[in-house]
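In: got a structure for you, letters missing:
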């Protein structure tokens, strides 16, 4: 039994992937996947996975889709001067309350290119593995993850771990994060197969966090959308934020 964590990027070379494999008795072990993580590889890694956590938007805001569809058909643009409903999803606004910042816009930022790749992957997973599309609210095998939210919930200071202009400092921050993850997951997770790769690459570290959240998904230990937003979340996507401590992620509920 395994779960898959993906830090998806527009290019395979900057995409991170980590697999956590269950060894029984509540123990898991991590292994990183060599670059480049192209679509064919990500399809194969998802095969037989009990959960797939992806750091990428699974959909676009309903209001954005409606507006673009109207504009494409030469109907009046339904938006007003407030573009917030079209730039961010319901889950983005909910996540801001946890992290203190609004995630990037899937419809008005470069993140949209990543979402397009993710949409193609969702189609391939549906056609080649699952027999149909998974809901985007995280109630099935597939879940949207957001490492920044997980770090916030777990009380891990991750500031600077992606600093491209200060690579040595960023590496030191990642080393500190990996030490903290190792200490707090020691009871259920072995990180020997991934720790060096996480220090070397923030993409691999993010993928590890996505995989840990995927384990939490299998335990029912992530926050679902509220009842009034379930249908919206199934279309737009819903960021699965862990509701348990790192120590307890691997514990049956």
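Out: The structure has been received and is ready for your questions. Since we're looking at a predicted model, the values are computed, not measured. Numbering: from 1, shown residues only.

In: Tell me the buried residues in the helix or strand where residue 112 lies?
Out: Here residue 112 sits within helix 111-125, counting by DSSP states H and E. Buried residues in helix 111-125, defined by neighbour count with 16 or more other CB atoms under 10 Å: 111-112, 114-115, 117-118, 121-122, 124-125. In short, each C-beta sits where N, CA and C put it, glycine included.

In: cool, and stretch 48-63?
Out: Result for stretch 48-63 [16+ other CB under 10 Å]: buried residues 49, 51-63.

In: Let me know the closest of those residues to residue 169.
Out: Of all these, residue 169 sits closest to residue 55, with 22.4 Å by CB to CB.

In: wait, that closest one sits on residue 8?
Out: Yes. Residue 55 is within contact range of residue 8, at 6.1 Å (criterion: CB atoms under 8 Å).

In: Distance of residue 247 relative to residue 183?
Out: 10 Å (CB to CB, to the nearest Å).

In: The two: which has the busier surroundings?
Out: More crowded of residue 247 and residue 183, by other CB atoms under 10 Å: residue 247, with 14 against 10.

In: Can you give the contact residues for whichever strand in the chain runs longest?
Out: For the chain, the strand with the greatest residue count under DSSP state E is strand 16-24. Contacts of strand 16-24 with the rest of the structure, by CB atoms under 8 Å, 6 or more residues apart in numbering, involve 1-7, 28-33, 37, 41-42, 45, 189, 194, 201-208, 210-212, 214-215.

In: of the residues you listed, buried ones?
Out: By 16+ other CB under 10 Å, the contacts of strand 16-24 give 2-7, 28-33, 37, 41-42, 45, 189, 194, 201-208, 210-212, 214-215 as buried.

In: Tell me which of the residues you listed fall in helices.
Out: Residues of these located in helices (DSSP state H): 41-42, 45, 202-208, 210-212, 214-215.

In: out of the residues you listed, who's nearest residue 154?
Out: The closest of those to residue 154 turns out to be residue 212 (CB to CB; 9.2 Å).

In: Excluding covalently adjacent residues, which one is nearest to that closest one?
Out: residue 249 (5.8 Å; CB to CB, 6 or more residues apart in numbering).

In: Look at the one you found and say how many residues are nearby.
Out: Residues within reach of residue 249, counting by other CB under 10 Å, total 26.

In: now do residue 182
Out: 15.

In: Need the nearest residue in space to it, chain neighbours excluded.
Out: Nearest residue to residue 182, sequence neighbours excluded (CB to CB, 6+ apart): residue 191, at 5.2 Å.

In: Next up, the contacts around residue 150.
Out: By CB under 8 Å, 6+ apart, the residues touching residue 150 are 209, 212-213, 241-242.

In: Give me the distance between it and residue 116.
Out: When distance is defined by CB to CB, residue 150 is 24 Å away from residue 116.

In: I'd guessed the residue nearest to residue 182 sits against residue 183; true?
Out: No. In this structure, residue 191 is not within contact of residue 183 by CB under 8 Å, at 10.2 Å.

In: buried sites along the top helix by length along the chain?
Out: In the chain, taking DSSP H as the definition, the longest helix is helix 167-185. Buried residues in helix 167-185, counted by 16+ other CB under 10 Å: 170-171, 173-178, 180-181, 184-185.
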